[in-house]
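Colleague: show me the folded form of this:
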Amino acid sequence: MPSTPLLRLAAVLVGLAAAAPAQFTVTATSPANNARGVSPAEPVTITFSQPVHPLTVTPQNIRLAGRWSGPVPGTLSIGPGGTSVTFRPSRPLFATEIATLSVSRAVASTAAAPLTGGFHAAWWVDAAPSTGTFVLDHVVDYRNAGEGLIRTYGFFAGDVDRDGSPDMSSTNEVSFDVRLMKNDGCGHFGPKVVSSLPTGTEPSPNEGGDFNGDGWIDLATGNQNGGSVAVFLNNGAGNYLPPTVTPIGGSVHGLAVLDADADGDLDIAATNQSDIVLLRNNGNGTFLPPVLLQGGNGEWALQAGDANGDGRPDLFCGAAWSQDVTLLLGNGAGGFTPSVTRSCGGFPWQMALGDVDGDGNLDCVVAEATNGRAAVLRGDGLGGLLPAVSYPVGSNPVSVDIGDLEGDDDLDIVVASFSNGNATLLRNDGTGTFGNASTIAASSAGSCAVIVDHDRDGDTDVILVDELDDKGFVWRQDGPGTAGVQPPTCDAALRINSFANRGGFAGALPHHLPGDRFAFVNVSGQPGQLVATFFGVPLPAGAPTPWGLLNLAAPLDLFFSGFLGDPLGALDANGETMIPVPIPPGLPTGLTLTLQSIVSTPTNLALGNPEQIVF
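Modeller: Residues are numbered from 1 along each chain as shown. Prediction:
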C-alpha cells in the first residue's frame, strides 16, 4: 500500500507511545483510604503499578502523620518484585485520631516514570469499645489570674512537646494570642505558655502539621480581623516560635492543611469570605504568594480530603451567603476545579469530613449556624455530593467534629452550640443514619468540641470549650465497670498500642496482636521512677496490696524493663518508657499473655492496670 503523510504520522505516534513509559500510579494501600477502626500500630503498605525506584523511597517522600500525635517516625522497605513499599511505624498513633499518608511526586518507577500528582490517603485509628457515656472530669481555665474575657474559640490538641500525650493550643480572639497548655501524660494540663499575635488579629480557626519538615508539630491559625494566616513553628523543644503572619485579605473563617502540589510538604488553604486562598509551602514553613480560588458565594468553612478516590486531596468549601457546599477537585499540582455545589440548608459555619456510611467514600458533615441543625452530605466517590440530610442539634451550632464515640468502628458526630452552652452527640447506627442524641454541657456558650483521647486510656473523650467563660470542659468517657481490676493511675499506667483499657478484664476484649510486626508496650508514671513489667496468669478479682490490686497470679516472670536486659528500668523525663516488642510469625493461635507493671513513686510503689494480649 502506498505511503501517505497520514500513515507516516500514525506510525510515528505509535512508536512514541511504545517508547513512552507507562503511567506510574498507586493502585492500593493497606489500610485502605477512609478505613475505620485501624490499629494504632498498623504497618502501612503502598502498592504501585510498576516497580519503584529505591532511591526515591525516602522519609521525605513517604510520610505518615496523626492529627494529634504529629509526624510518625518509622522504617521503609521495598517488597518482593519492587511494586510495594511498607512503612513500619516506630511508635503507635494515638487512639481515636485521624492518620494521613502522603506520597510525594518525587517517588518514581525504575523506568523513571514519576508519580504524577503524588498520593494521599487517610483513615481513622481504633478506639477502645466503651459505653458512649461521658462524665465531667475537670474544667480548664484559659484565662490568667485576674484576666477578663479572652474569647477562647477552640484549641488544637496536637502533641507539641512529643511526650506521647495530646496538649492544648487554644486560640483566643480578644487577647490575640495562642496559649499552649501541656498534658502531663495523665490528662491534666499545665501552666499556660502564651504566644502573641499582632493586636486586632483575632485568631480563630486552627490546624496543625509539620510545616518545615523537622519532625515536630507546628500550628496555623486563621485571623479574622487581621485578614491573615499565622504559622507558629515549633522550636524543636516543645514550644512555639513567634509566628510568621501572611496577609490574605478579608475575614478568615476557614482553614485546611494539605499537600496541594504533591511536593512532600504541607500547604495551607484558607477562606476570607471572597475566595479560597492557597498558600503553597516552600518546604521550610514559609509560603509562596497567595493563589485565589473561587469556592462559592461567601467562602467561609473549609476542609480537605480525597472526594473522588484519585489519591489527591480536594477542597470542600462552605459558602455563607448561598448556604451551600462546593467541592473542588485537586489535580495534585496545586490546581483545583469546581465539581459540584450542593445546598446544605443553612449557614455552614464549620465542617468535618469522614466516611459516615461505610461505603469507602468521603462524606461531609456541616454545622448549620442559622437553623440549629447538622447536615450530612454523602459523597458518591466520583466527586459528587448527595442531597443533605439534616439532624436537630442545639441553637446556633458553630463547631462540628466526627469520631468513634463508643468504639464500635463507625463515625459519630459532636456539634457545639453557642446559644445553648452545650454540645450534641449524635450516634451513628452503622449505616450513616444518626440518632440516640445526648448532650454535654459547658457553662454559657459552646464554641468548639474536640474529640481526643486526652487521658490516653484508649477510649474517646470530648473537650467542650466555652467562648464566653473561656473554659474547657473535659468530658471523659465513662467506661464499663471494672470491680476487682486495678485502673491506670497517674503513678502507674500500662498501655498496649496506646490502649490502657484493661483489655481482657471485666468484659473488655483482650488486645489481639498479629504476628510479624511490632507491638508497642508503654508504661508511664512520675519522671525518673523505676519500673518493671511482669507477666503471669490473670487474676480477675485482684488481690489487694499496699500498692493497688494485683491482677496476676503467681508464678510471676519479668517481661521487660525500661532497659532491656536489666531487672529494672527508669521512666524518662516525661514519665514515659516505651518498648517496641517484635511479634514473631508462627506463634500458636490463641496464645495469651497477661501483663502488669509496678512503678516506684517518691514515697512508695504503685501497680498499673493489667492488660491481656492474645496472639
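
Colleague: quick check: Pro247 vs Asn223, distance?
Modeller: Applying Cβ to Cβ, to the nearest Å, the value for Pro247 to Asn223 is 9 Å. Every C-beta, even on glycine, is put in place using the N, C-alpha and C of the backbone.

Colleague: between the two, which has more neighbouring residues?
Modeller: Using other Cβ atoms under 10 Å, the more surrounded residue of Pro247 and Asn223 is Asn223, with 29 against 13.

Colleague: verify the stated contact: that one with Leu197.
Modeller: Yes - at 6.6 Å, Asn223 counts as touching Leu197 under the criterion of Cβ atoms under 8 Å.

Colleague: contacts for stretch 65-81?
Modeller: With Cβ atoms under 8 Å, 6 or more residues apart in numbering as the test, stretch 65-81 has contacts from 45, 51-52, 54, 57-59, 62-64, 84-91, 93-94, 97-100, 102, 125, 157-159, 162, 164, 166, 208-210, 215-217, 452.

Colleague: re earlier: anything in contact with each of Asn223 and Leu197?
Modeller: When contacts are counted by Cβ under 8 Å, 6+ apart, Asn223 and Leu197 are jointly contacted by Pro203, Ala230, Val245.

Colleague: just these: which are in strands?
Modeller: Secondary structure defined by DSSP state E assigns Pro203, Ala230, Val245 of the shared contacts of Asn223 and Leu197 to strands.

Colleague: which among the residues you listed end up buried?
Modeller: Using 16 or more other Cβ atoms under 10 Å as the burial test, these include Pro203, Ala230 as buried.

Colleague: from the ones in strands among the shared contacts of Asn223 and Leu197, which is closest to Thr25?
Modeller: Taking Cβ to Cβ as the measure, Thr25 lies nearest Ala230 of those, at 36.7 Å.

Colleague: what pairs with the closest one across the strands?
Modeller: Thr221, Val245 (DSSP bridges).

Colleague: hang on, it packs against Asp218?
Modeller: No - Ala230 is not in contact with Asp218 according to Cβ under 8 Å; the separation is 10.7 Å.

Colleague: and the spatially most central residue of the chain, what pLDDT?
Modeller: In the chain, the residue lying closest to the centroid (Cα atoms, centre = their mean) is Arg67, at 2.4 Å. Here the pLDDT value assigned to Arg67 is 98.

Colleague: check the one 10 residues further on too.
Modeller: Listed pLDDT for Ser77 reads 98.

Colleague: what's the answer for Thr482, then?
Modeller: At Thr482, the model reports a pLDDT of 80.

Colleague: settle this for me: it is touching Gly503, isn't it.
Modeller: No - counting by Cβ under 8 Å, Thr482 does not reach Gly503; the two are 11.2 Å apart.

Colleague: okay, those two: which has more neighbours?
Modeller: Neighbour count, other Cβ under 10 Å: between Thr482 and Gly503, Gly503 has more, with 25 against 17.

Colleague: element containing that one?
Modeller: Under the criterion DSSP states H and E, no helix or strand holds Gly503.

Colleague: counting neighbours, what do you get for Asp401?
Modeller: For Asp401, the neighbour count with other Cβ under 10 Å is 22.

Colleague: helix or strand: which one has it?
Modeller: With DSSP H and E as criterion, Asp401 is part of strand 397-403.
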